[in-house]
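# Structure of the sequence below:
(chains A, B, C and D)
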2 protein chains.
Amino acid sequence: MPRKGDVKNIRPAPPRPDGEAVSLKQLAHHLGLSTTTLSLVLNDAPAAVSIPQDTKDRIFKAAKELKYRPNYLARSLRVQRTHTFGVIVPELSDGYSAMVLNGVESELSKEGYFYLTASHLHRDDLLEENPRMLIERRVEGIIAVDTPIRFEPVLPIVNVSGHDEIDGVTNVVLNHRHAAELGIGHLYNLGHRRIAVIKGQQFSSDTEERWVTINDAARRRGIAIDSRLTVQLTGDSPSPEVGYEATRTLLARGERFTAVFAFNDISAIGAIRALEEMGLRVPHDVSVLGFDDIYAAAFHNPALTTIKQPLFEMGRLAARTLLDRLKADNESEITATLSVEPTLIVRQSTARVSSPTS
Amino acid sequence: MPRKGDVKNIRPAPPRPDGEAVSLKQLAHHLGLSTTTLSLVLNDAPAAVSIPQDTKDRIFKAAKELKYRPNYLARSLRVQRTHTFGVIVPELSDGYSAMVLNGVESELSKEGYFYLTASHLHRDDLLEENPRMLIERRVEGIIAVDTPIRFEPVLPIVNVSGHDEIDGVTNVVLNHRHAAELGIGHLYNLGHRRIAVIKGQQFSSDTEERWVTINDAARRRGIAIDSRLTVQLTGDSPSPEVGYEATRTLLARGERFTAVFAFNDISAIGAIRALEEMGLRVPHDVSVLGFDDIYAAAFHNPALTTIKQPLFEMGRLAARTLLDRLKADNESEITATLSVEPTLIVRQSTARVSSPTS
DNA sequence: TCGTTTTACTAAATCGTTTTAGTAACTTTT
DNA sequence: AAAAGTTACTAAAACGATTTAGTAAAACGA
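From the prediction side, this is the model:
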């Protein structure tokens, strides 16, 4: 419960240091020049060549002294550019989105861009409303993270982990085929044949592709995934709880398996909990393979073997691509898909199968 | 390495559905009315009472049909309100900030506010530049998370986990005294007398207060914290690595202790890793107490006993406070500090001391 | 010396709203 | 029937920049 602490009723904010906001007009008046001249000089416009250096110096000096800061709104209105992107994520606190956002920000800040964030919480209404509000605020482009595009792409869009091919939308995706090969290959090489798979939630855009490629990779090795060894995550909590529940469901079926390929690290952590509660040791009795390589993965107990997605890089790439698309004078050749490579990170949660199943 | 995937060069974005952006002027012309009338009606201004209902209906109908969307920049410029806040965090991907941001967003979205995020990465230059850029973009207020205020508070500011008392800045803080009591009390009651403490990084605003209150709580029970049992986190990585390193330093000193009070859950996780590597079992040989209660805490192995900070609530409270401060017609009575209460969450990483030390 | 170019600026339009200050045409009151 | 409201609107001035289309004076060229 929030409660008022030692309420001291401090003094009001100090009065704005005099002349807090000087407008260009005021500055111009102060110098006895027109706003045109000032604008030309301050923006180093081509037309400013004819202005003598000492006039320029006077202007710069006065601007600094009076702390002139152009009004961003006025400028944006006039030049029709806001230097702002919109970012739509399912939810901020799941680690995944945060890593991508980190990458986005690192790239945007280089060019003086900022971004507005909106979470849709997997709610249909927000999936439609958020983009609308962002567009209304004149963002120049939208980066969607693991989010279905439910709106007209009236401006440049990059979707991270999006799989729908939509005109005007660039998808930044992981090479899922490769990821599945790495994962299944790793487990196979350790001798695992009966592999359980925890599929992602229905709403996650990676779920389908991940499932298909894992299946293919398994079949290619002659160990098709038994449908009785697959469970699906349900519920949209970003906690390991959902993986825990799914794994209990799996265990309740009584089928034998020696490895679990989890949809992500979060659910892998939940799976480990469920397995150990049943007296199964990881990795001794069951190997668990995660996905993503979030910070927690390396320090979990046992440390998670996982398929790393370069999330930070994906964020960076998304931002870079969007910036480039804006700079390109023609949008006639939009790259549909950019793919990045996964890496297998072997740690302690997987091991050679101890008593191979038939 | 990002590489181009199946580059299909899809068709360009579809031509903007005709009349994509109707301006108020166009709409007015279309209806044979003035922009004044439309503005009055569409904003339901008091002066609109004299406009007959069927004119209003015509306006609404046309606005809908032509998909009129007011230009946010123009409006903001005129009314001098952007409905946007700036949020400054150390780094997005540490779980802590993300949880707070989640709370911030949930409160802001109720009122149609958005926020721009900026990370300072503990860099001095960014600590000064980020606020400047945000202010330049006309945010109406700033929420700082675990961030020192290094700029003139020319607009309303709420600092989450800030401890400096600055005019015009409201601090949202945890009741640290209570938190320390809960933590030390818990360990004490389990029989622990030699308690190691992992202090936070120098740059974290909670570090000092946390340390002082833990010391007090310990002293009050006659078990002053031995300086040879304290270590400080160094480095600004948001991974458990730093806690791991700190704990190894601690262990290297060869001092005996039965419990570790970590600065946060992340470092607690690193500490557990370090302890187990040395052959010490948690909680059998050493109890480890975390702080924050991030998602991973409950599912770590062993599950972390921790002092929960209501981070989501703190974000909400910060946003609510800022909104209220903006609505208040006078800023003469600014609450200096709002405090929220911690909770002790007992799980598996702490236990009764097995062989009590002298 | 006259015409052209260059130099050093500026007035006014523009971006798309909101808001102030009206104004005609009715309607009601006295 | 004149005065006082009301009703149903509008013209024009903001908001604070950028940009187009100038202009007057000085310098240059023939």
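# what sits against residue A:270?
Applying Cβ atoms under 8 Å, 6 or more residues apart in numbering or on different chains, one finds that residue A:270 lies in contact with A:239, A:240, A:241, A:242, A:243, A:244, A:245, A:246, A:247, B:299. In short, each C-beta sits where N, CA and C put it, glycine included.
# Kindly recompute the last result at 6 Å.
When contacts are counted by Cβ atoms under 6 Å, 6 or more residues apart in numbering or on different chains, residue A:270 touches A:240, A:243, A:244.
# now swap in residue A:225 and tell me
With contacts defined as Cβ under 6 Å, 6+ apart, residue A:225 is in contact with A:197, A:215, A:218.
# The last one contacts residue A:184, doesn't it?
Yes. At 5.3 Å, residue A:218 counts as touching residue A:184 under the criterion of Cβ atoms under 6 Å.
# Those two - which one has more neighbours?
The residue with the greater number of neighbours, taking residue A:218 and residue A:184 and applying other Cβ atoms under 10 Å in any protein chain shown, is residue A:184; the counts read 27 against 23.
# following the helix or strand where that one lies, which helix or strand shows up next?
With elements taken from DSSP states H and E, the one containing residue A:184 is helix A:176-189. Beyond helix A:176-189 on the C-terminal side, the first helix or strand identified by DSSP H and E is strand A:195-199.
# so which helix or strand takes in residue A:202?
Applying DSSP H and E as the criterion places residue A:202 outside every helix and strand.
# Near it, how many other residues are there?
With neighbours defined by other Cβ under 10 Å, the count for residue A:202 comes to 12.
# Check residue A:315 too.
That count, for residue A:315 with other Cβ under 10 Å as the rule, works out to 28.
# Does it touch residue A:100 like I think?
Yes. At 3.9 Å, residue A:315 and residue A:100 qualify as touching, with contact defined as Cβ under 6 Å.
# For residue A:273, what is the enclosing helix or strand?
Per DSSP H and E, the secondary structure element for residue A:273 is helix A:265-277.
# what element comes up after that helix heading to the C-terminus?
Per DSSP H and E, the first helix or strand lying C-terminal to helix A:265-277 is strand A:287-292.
# can that following strand be found next to chain B?
No. Contact of strand A:287-292 with chain B is not found when judged by Cβ under 6 Å from any Cβ of the partner chain; the minimum separation is 11.6 Å.
# Which elements pack onto that strand?
strand A:259-261, helix A:265-277, strand A:305-308 (3 or more Cβ pairs under 6 Å, 6 or more residues apart in numbering or on different chains; DSSP states H and E).
# For DNA strand C, find the nearest of these.
Taking Cβ to the nearest atom of the strand as the criterion, DNA strand C comes closest to helix A:265-277 out of the helices and strands packed on strand A:287-292, the separation being 43.5 Å.
# how many other residues sit next to residue A:132?
Other residues near residue A:132 come to 12 when the count uses other Cβ under 10 Å.
# Please apply the same query to the one 3 residues further on.
Applying other Cβ under 10 Å, we find 17 other residues in the vicinity of residue A:135.
# Is my assumption valid that it occupies a position in a helix?
Yes. Secondary structure assignment (DSSP: H, G, I helix; E, B strand; the rest coil) places residue A:135 inside a helix.
# ok, it - contacts?
Contacts of residue A:135 by Cβ under 6 Å, 6+ apart: none found.
# Need the per-residue pLDDT for it.
At residue A:135 the predicted local confidence, pLDDT, stands at 95.
# likewise residue A:168?
Note for residue A:168: predicted pLDDT of 87.
# sorry, back to before: pick out whichever of the contacts of residue A:270 sits closest to residue A:152.
For residue A:152, the nearest member of the contacts of residue A:270 is residue A:243. The distance, counting by Cβ to Cβ, is 35.9 Å.
# what's the neighbour count on the nearest residue to residue A:204 once chain neighbours are set aside?
Sequence neighbours aside, residue A:146 is the residue nearest to residue A:204 in space, at 6.2 Å (criterion: Cβ to Cβ, 6 or more residues apart in numbering or on different chains). The burial metric for residue A:146, expressed as a neighbour count using other Cβ under 10 Å, is 22.
# my guess is residue A:146 contacts residue A:205, does it?
Yes. Counting by Cβ under 6 Å, residue A:146 sits close enough to residue A:205 to count as a contact (5.5 Å).
# what's the most buried one of the helices and strands packed on strand A:287-292?
Ranked by average neighbour count under the criterion mean count of other Cβ atoms under 10 Å in any protein chain shown, the helices and strands packed on strand A:287-292 are headed by strand A:259-261 at a mean of 30.
# Tell me which residues touch the residue most central in space within chain A, please.
To find the centre residue of chain A, average its C-alpha atoms and take the closest one (Cα atoms, centre = their mean): that gives residue A:100, at 3.1 Å. Residues in contact with residue A:100, defined by Cβ under 6 Å, 6+ apart, are A:145, A:160, A:311, A:314, A:315.
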